[in-house]
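sequence-free structure coming up:
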């Protein structure tokens, strides 16, 4: 009998120990949750104070939506909240047809900054450039507004004019009058450059892969002796992942195109190409620059890593993150645009912050070469304060002298980067292409050093 009692006592002691352990776990997990509830209570107190004491009446819905957007944008530059109207607009854009100016923008320190104008759109025709700041719309300041709020002011009925106040590097602010249109940008167009085809892809919407394939086939039919292809992805702000995969697949015979990896190291999704190269193996060159972002970088990185094409131009933007659009109550309450993963090229390179570096670095103009030598003039993902970090130990290339820029004898009406791309195709590779003399822009660091040297005597060191 004693024996059974001892066994029972042992079981009770073990059970009590287990309960104590579980209780400790419950307390540990409850502590951060209690802090969360306390902060939610704080939010409620602030909302109530604003409702009762702000100088004018406020709209609770707008306040809460702004709070949600602020929470998401604090994570990284590409996360955010889409209210029902913004969510509808986003779906229109990805379908490849919407009303507006045809301009891709982001927010930098409370200022609306142009990533790139889309080819053939009102913004493009008006001369708006990548890197421009939009400070006012129709005379009303947009400083401090979210991107969504600023975009709403720029949109309106087709045929109506809108005046944008532009701040541009090295120039005084100026106004640009732009007439809104129903934007139906053709994302892919093609033409011949001598003996070589040039396929221009300006964005990645639901129609891009089909449009690119059709444009190439039409060009090939008219020019059956085509000797190679230039894929122009300059100033392409990106778009849909499946279209980046589809375009890459047009030129690859198989293998990985891109992978995306989430928070969990085991959460890896790979996208592969199927057999069939629409060019039949024609040599290829891809043109990129600092305005080539996201989906454009996926295509460039895939073709470079798979040795299908060499890259000419400038280092790409460096947006290597995946945004998942999560509808709220089926879209009735809008949607979250949340960064959920990073992109990696077939060789395992992360695009984030560092971008894709070309095989032959070519500035489009001597002014651009000088801008590259002065890092402060460059605009990329690395410019954002809260951008996701790059791979450990990696950093975007800083101020430097670009390998090539147009010589003084080059006709400024022609496209120097396209000219160098055709040279690479003509000679068979970047390695075989004769290199031009390196331009001699003054590096920002050297300029600063020269100024200091002019006013400061050499320092002496005591030991």
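Done, it's in. Computed from a predicted model, the values in this text were never measured in an experiment. Numbering: from 1, shown residues only.

which element is residue 128 on?
Using DSSP states H and E, residue 128 is not contained in any helix or strand.

need the contact list for the closest residue to residue 334 other than its chain neighbours.
Leaving aside its sequence neighbours, residue 334 sits nearest to residue 83 (C-beta to C-beta, 6 or more residues apart in numbering; 4.4 Å). C-beta here means a position set from N, CA and C on the backbone, and glycine is covered the same way. Contact partners of residue 83, counting by C-beta atoms under 8 Å, 6 or more residues apart in numbering, are 65, 148, 334.

any idea how far residue 83 is from residue 248?
34 Å (C-beta to C-beta, to the nearest Å).

now swap in residue 42 and tell me
48 Å.

who has more neighbours, the two?
residue 248 (26 against 10; other C-beta atoms under 10 Å).

what are the phi and psi values for the more buried one?
Backbone torsions for residue 248, taken as degrees, to the nearest 10, come to phi -60, psi -40.

In contact with it, which residues?
So residue 248 contacts 257, 258, 273, 298, 299, 302, 303 (C-beta under 8 Å, 6+ apart).

where in the stretch 151-300 of the chain is pLDDT low?
The model of the stretch 151-300 of the chain has pLDDT under 70 over residues 185.

What are the boundaries of the helices in it?
Using DSSP state H, counting those that start in this stretch, the helices of the stretch 151-300 of the chain run over 208-222, 241-251, 295-305.

what does stretch 136-155 rub up against?
Against stretch 136-155 from outside (C-beta under 8 Å, 6+ apart): 66, 69, 73, 80-83, 85-86, 89, 99-101, 103, 105-107, 110-112, 134-135, 162-165, 180.

rerun at 7 Å
For stretch 136-155, contacts defined as C-beta atoms under 7 Å, 6 or more residues apart in numbering pick out 69, 80, 86, 99-101, 105-107, 110-112, 134-135, 162-165.

again, but for stretch 63-71
Applying C-beta under 7 Å, 6+ apart, the contact partners of stretch 63-71 are 47, 50, 80, 81, 83, 146.

In those residues, find the pair that's most separated.
Using C-beta to C-beta, those span at most 21.7 Å, a distance reached by 50 and 80.

Those two: who's more crowded?
residue 80 (24 against 12).

That one and residue 323: what is the separation?
9 Å.

intersection of neighbour lists for these two?
In contact with both residue 80 and residue 323: residue 337, using C-beta under 7 Å, 6+ apart.

isn't residue 320 right up against residue 349?
No. Contact criterion C-beta atoms under 7 Å: residue 320 and residue 349 do not qualify, at 8.9 Å.

The two: which is more packed in?
Neighbours around residue 320 and residue 349, counted as other C-beta under 10 Å, are more numerous at residue 320. The numbers are 31 against 18.

got a list of what that one touches?
Counted by C-beta under 7 Å, 6+ apart, residue 320 has contacts 297, 342, 343, 350, 351, 352.

Show me which pair in the residues you listed is furthest apart.
Of all pairs in the contacts of residue 320, the most separated under C-beta to C-beta is 297 and 342 at 11.9 Å.

which residue sits closest to residue 238, ignoring its sequence neighbours?
Going by C-beta to C-beta, 6+ apart, residue 238 has residue 294 as its nearest residue, at 2.7 Å.

cool, and residue 345?
Residue 345 sits nearest to residue 301 (C-beta to C-beta, 6+ apart), 3.6 Å away.

Counting neighbours, what do you get for that neighbour?
Neighbours of residue 301 under the rule other C-beta under 10 Å: 29.

That one and residue 351 touch, don't they?
Yes. Between residue 301 and residue 351 there is a contact at 6.3 Å, judged by C-beta under 7 Å.

Common neighbours of those two, please.
residue 345.

Now do residue 34, the pLDDT please.
Per-residue confidence (pLDDT) for residue 34: 84.

any idea how far residue 384 is from it?
Distance of residue 34 to residue 384, computed by C-beta to C-beta: 33 Å.

Please say which of those two ends up with more neighbours.
For residue 34 and residue 384, the more surrounded residue by other C-beta under 10 Å is residue 384, and the numbers stand at 20 against 11.

buried residues in whichever strand or helix holds residue 418?
For residue 418, the host element (DSSP H and E) is helix 416-427. Within helix 416-427, the residues that count as buried by 16 or more other C-beta atoms under 10 Å are 416, 417, 418, 419, 420, 421, 422, 423, 424, 425.
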